[in-house]
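Q: How does the following fold in three dimensions:
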Amino acid sequence: MLDQAFEALKKYDYGTPISELQGIEDAMVAAHGDPAVRQDLEQRLIAALGSEISRDAKDYVCRKLAGIGTPAAVPALSKLLPSETNSHLARHALERIPGPEAAAALMTAARQLSGKLKIGAIGSLGARGDSSSVATLASLLNDADPAVARSAALSLGLIGGSEAAAVLISARQNGTGEKNSVIDALLECAESLLSSKQTADAKAIYESLSGDQQPRLIRLAATRGLLACSARTAAS
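A: Numbers count the residues shown, from 1 in each chain. Just a heads-up that it's a prediction; the model follows:
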């Protein structure tokens, strides 16, 4: 049945009954409890991704690799990253595949691609939340494209933690990056630091954003953050 499903995948397109791919669906379920099934299915999906199949079929394969993919799938997915048509399909899987290989592929794309594809790769690094991406994102904060710089700042905010916070603090002090995005990202970092009980570091960020020179909404967010820091300190 699995062989038949992969034969059907070669002709799969929008409107094709999903029932024709039921063998793959069944193997996906079995793969979660059987490493051998998982490895075999992943290799079949990787091979399919490198073949001449429709965009909808590639979409289907990428979604399945997002569920069971390992570093073995990264090279095949990486080949799709420069494609206007398929890049977001590959990113969907790479965001979810654990390990440094997937992060490295996205970092390479973030450095080498341009325009929307570059911004997409940057966003995927933020979605992964992997601190190994901080240095790459830091290098993009002063990109000539304001949209790239903004995306890099926001992804650093999503990653959070002390390393990303240090980069954003430095960017704010040096006037690097898109100002409002850096501030928004700093607030995200402060929240992550507070959640991880790094209250003093979070408080320092909130205090730096609570001055009268800041826009009203930023001051309000910083004030709420300072109150949360006080409550966390009192409870500890």
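Q: Please enumerate residues in contact with the helix or strand residue 182 falls within?
A: Secondary structure assigned from DSSP states H and E places residue 182 in helix 179-195. Residues from elsewhere that reach helix 179-195, judged by Cβ atoms under 8 Å, 6 or more residues apart in numbering: 141, 149-150, 153-154, 156-158, 160-162, 164-165, 168-169, 171-172, 176, 199, 201-202, 205-206, 208-209, 214, 218, 221-222, 225, 228-229, 232. C-beta: built from backbone N, CA, C; applies to glycine.
Q: What is the longest helix of the protein by residue count?
A: Longest among the helix segments of the chain by residue count, using DSSP state H, is helix 216-235.
Q: Put the buried members of the contacts of helix 179-195 into a PyMOL selection.
A: The PyMOL selection below is limited to those of the contacts of helix 179-195 classed as buried (16 or more other Cβ atoms under 10 Å):
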select buried, resi 141+149+150+153+154+156+157+158+160+161+164+165+168+169+171+172+176+199+201+202+205+206+208+209+218+221+222+225+228+229
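Q: List the ones among the contacts of helix 179-195 that fall in helices.
A: Per DSSP H, the subset of the contacts of helix 179-195 in helices is 149-150, 153-154, 156-158, 161-162, 164-165, 168-169, 171-172, 199, 201-202, 205-206, 208, 218, 221-222, 225, 228-229, 232.
Q: residue ranges with poor pLDDT in the protein?
A: For the chain, no stretch has pLDDT under 70.
Q: hmm, try it at 90
A: 1, 13-18, 33, 174-179, 211-214, 232-236 (pLDDT under 90).
Q: what's stretch 129-137 in contact with?
A: Residues from elsewhere that reach stretch 129-137 (Cβ under 8 Å, 6+ apart): 100, 103, 106-107, 110-111, 122, 125-126, 152, 155-156, 158-161, 163-164, 167.
Q: Swap in 10 Å and give it another go.
A: Outside stretch 129-137, the residues within contact range by Cβ atoms under 10 Å, 6 or more residues apart in numbering are 95, 98-100, 102-104, 106-108, 110-111, 121-122, 124-126, 151-168, 185, 192.
Q: Put the buried members of the residues you listed into a ChimeraX selection.
A: Those of the contacts of stretch 129-137 that count as buried under 16+ other Cβ under 10 Å are selected in ChimeraX with:
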select :95,102,103,104,106,107,110,121,122,124,125,126,151,152,153,154,155,156,157,158,159,160,161,163,164,165,167,168,185,192
